[in-house]
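Trainee: Sharing a sequence plus its predicted fold:
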Amino acid sequence: MVELGIVGKPNVGKSTFFAAATLQTVEIGNYPFTTIEANRAIGYVRKPCPHLDLGKQCNPKKSLCIEGTRYIPVELIDVAGLVPEAHAGRGLGNKFLDDLRHADALIHIIDVSGSTDAEGNPVPKGSRDPCKDVDFLDKEIAYWIADIIGRGWTRIARRLEAEKVKIEVAIAERLSGLNINDKQVHAALSHLNLDEKPSRWKEEDILALSFEIRRIAKPMVIAANKADITDEEYLNKFLQRCREKGYDVIPISADYELALRRAAKAGFVDYKPGDEDFKILKEDELSAAQLKALEKIREFMHKFGGTGVQRVIEHTVFNVLQMIAVYPVEDEHKWTDKDGNVLPDVYLFPLGSTALDLAYKVHTDLGENFIRAVDGRSKKILGHDYELKDGDVIKIIARR
Ligand SMILES: Nc1nc2c(ncn2[C@@H]2O[C@H](COP(=O)(O)OP(=O)(O)OP(=O)(O)O)[C@@H](O)[C@H]2O)c(=O)[nH]1
Ligand SMILES: [Mg+2]
């Protein structure tokens, strides 16, 4: 499953974002280090369900389908707050980043309202420049990676040179626990001009490489949180400065999303994650203060096209990680599995994945005994190297 790590300094709203996206109950508090142990739960990304093309209701197993929209699960991980110099042991240090080993991408939550200092202590709104909170995280994560590459480096590098092992392979091996492969390390190396003899690399070379590896292998989207209490001009300046630096940034209110999802769960409003508006269902059961709060939320949503939480998750999965949704079936005509369930499964794949990748994902046996695939729409035969497209419905044929 795709894994997204929720990171940032303490007290910015990471757990609120996590709770909003997953409806998991977690501790939320206006003080640093509310979260110590990582929380994991399932959130969703949306796609139009192909059952609409089939004209028959689907029977999803591990995903959901609501009114023609497929909700595909992704795992979210909420970790403790990271402070500047965490790698040197400040705050809770950076060892807990090990919880993000398998993360495919990171969502960096920033308190854009400027009401928390570098360590996450509450301060008057606007007194902390949120731009200062952007870069430090890159650095701390790079240190985490550098620490893993750098352990006993000189000795290892000499051995690599003697044995003529490809450097990207050796580094990827060290980082395999971090879900980082040799292609990504190769790409990172190609952006740098490091000494051809790795044994001559200094600490700063390994750090520069780690920055590059982080950028490639753990891409990051910035969620400008607490936008609901931030002046527009202040917010726009932040967004502009992030974009100038090449960051992907989306303004959000995790607090509003959490309020709406809870209200929807309790049946007070009709709201689905990612909607740009909501409908009040039980007006007479809500107090004047609650109705006023909901109107404030609505105003925000009209301005920003929603609360932004779902947009951040989907932007990360679909635009940054370039994932597509593919539906394997056993009957290419009825789009069913062997029990007659319509479109029961859906998998997310990075763009460029093939029919053979799909076969292996469904079952190793299917991959090993792959003969061909069939497109559920055109009924065309597809080879192992057929490049999967978003929304594909595919039958795999394998030797028995
Ligand atoms: N106004 C506003 N407040 C928010 C928003 N999101 C979170 N908060 C508040 O910010 C404070 C911190 O929220 P948490 O979700 O606990 O923050 P965290 O980043 O998980 O904090 P640590 O676990 O301590 O690192 C709480 O008082 C939240 O209610 C938001 O979108 N708007
Ligand atoms: Mg927390």
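Mentor: Thanks, I have it. Ligands and ions are numbered 1, 2, ... in the order given.

Trainee: Residue ranges of each domain in this structure, please.
Mentor: The chain breaks down by automatic domain parsing into domains covering 3-38+79-133+219-317, 142-217, 325-398.

Trainee: Format those as CSV; extra columns: mean neighbour count and distance to residue 73.
Mentor: For the C-beta atoms, the positions are set from N, CA and C on the backbone; glycine is no exception. Below are those laid out as CSV (neighbours: other Cβ atoms under 10 Å; distance: least, Cβ to Cβ, whole Å):
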stretch, mean neighbour count, distance to residue 73
domain 3-38+79-133+219-317, 19, 10
domain 142-217, 17, 18
domain 325-398, 17, 9
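
Trainee: which stretch among the ones you listed comes nearest ligand 1?
Mentor: Proximity to ligand 1, assessed across the domains of the chain by Cβ to the nearest ligand atom, is greatest for domain 3-38+79-133+219-317 (3.0 Å).

Trainee: That closest one and ligand 1, any residue contact?
Mentor: Yes - contact of domain 3-38+79-133+219-317 with ligand 1 (Cβ under 6 Å from any ligand atom) involves 8, 10-16, 28-30, 32-35, 80-81, 120, 225-226, 228-229, 253-255.

Trainee: now, which of these lie within helices?
Mentor: Cross-referencing the residues of domain 3-38+79-133+219-317 next to ligand 1 against helices under DSSP state H gives 14, 15, 16, 254, 255.

Trainee: Now the domains of the chain in CSV, please, with extra columns for mean pLDDT and distance to residue 61.
Mentor: Shown next, in CSV, are these (pLDDT from 0 to 100; distance: least, Cβ to Cβ, whole Å):
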stretch, mean pLDDT, distance to residue 61
domain 3-38+79-133+219-317, 94, 19
domain 142-217, 92, 25
domain 325-398, 97, 5
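
Trainee: Export the ones you listed to JSON lines and append columns for distance to residue 63.
Mentor: Listed next are the domains of the chain as JSON lines, based on distance: least, Cβ to Cβ, whole Å:
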{"stretch": "domain 3-38+79-133+219-317", "distance to residue 63": "13"}
{"stretch": "domain 142-217", "distance to residue 63": "23"}
{"stretch": "domain 325-398", "distance to residue 63": "5"}
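
Trainee: Now the phi/psi pair for the spatially closest residue to residue 377 that is not a sequence neighbour, please.
Mentor: Of all residues not flanking residue 377 in the chain, residue 393 sits nearest, at 6.4 Å (Cβ to Cβ, 6 or more residues apart in numbering). Backbone torsions for residue 393, taken as degrees, to the nearest 10, come to phi -110, psi 120.

Trainee: out of the ones in helices among the residues of domain 3-38+79-133+219-317 next to ligand 1, which touch ligand 2?
Mentor: Residues of those in contact with ligand 2 (Cβ under 5 Å from the ion): 14, 15.

Trainee: Out of the ones in helices among the residues of domain 3-38+79-133+219-317 next to ligand 1, the closest to residue 336 would be?
Mentor: residue 254 (39.2 Å; Cβ to Cβ).
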